[in-house]
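S.K.: Sequence first, then the predicted structure, then my questions.
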Amino acid sequence: MDLDRIDFVIIELLQKDARLSNKELAAAVGLAPSSCLARVQRLRTEGVLKGAHAEVNPDALGIGLQALIAVQLRQHSRAQVKAFWKHMLGLPEVLAVFHVAGTHDFQVHVAVRDAHHLRDLALDAFTTRSEVAHIQTSLIFECAKGKVLPNYRAPSAN
């Protein structure tokens, strides 16, 4: 999909605040509301905009602890990677799964109630898996996310 300068501005603005109304977005990029809406719909249809999300305070949901669990598989075969990936995405505690290169094969970001919940999750959902050889858990003390993905593509000429 060819994206132009206006598309990139729309993407940046929506990453910063997905609650912007079409009228506000159109004014910010200098388009008529109907033209802006058509662009946003095209960005959604083409899979550039994949969703809109609310940032939630973990404490409000009873989440008292987050961790990264580094996982080393016994064998790095396609079947084991796929099976582990599918299993992780099915766990309610899993926020993100990263298939990585290096000493470990996966980094899994989890959110749990407390240390006991983390221990039970590690023992029941990770170490019982036949494809898992080793895990290493790192507690997350603080977490901050960047608000906008960087743009490494030069915008097309208008």
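M.R.: Alright, I've got the coordinates. Residues are numbered from 1 along each chain as shown.

S.K.: which residues does the residue of the chain positioned farthest from its centre contact?
M.R.: Residue farthest from the centre of the chain, counting by C-alpha atoms, centre = their mean, is A32 at 31.9 Å. Applying C-beta atoms under 8 Å, 6 or more residues apart in numbering, one finds that A32 lies in contact with A26. (C-beta placed from N, C-alpha, C; glycine too.)

S.K.: where does it fall, phi/psi-wise?
M.R.: Backbone geometry at A32, expressed as degrees, to the nearest 10, gives phi -70, psi 150.

S.K.: I'd like to know how far it sits from F84.
M.R.: Plainly put, A32 is 49 Å away from F84 if you go by C-beta to C-beta, to the nearest Å.

S.K.: Check whether L121 really touches P92, as I assumed.
M.R.: No. At 10.0 Å, L121 does not count as touching P92 under the criterion of C-beta atoms under 8 Å.

S.K.: the more surrounded of these two?
M.R.: Legend: neighbour count by other C-beta atoms under 10 Å for L121 and P92, higher for L121 (21 against 9).

S.K.: Nearest spatial neighbour of that one, chain-adjacent residues omitted?
M.R.: Excluding its sequence neighbours, the residue lying closest to L121 (C-beta to C-beta, 6 or more residues apart in numbering) is E93, at 5.6 Å.

S.K.: Could you give the number of residues near that neighbour?
M.R.: For E93, the number of neighbouring residues by other C-beta under 10 Å comes to 20.
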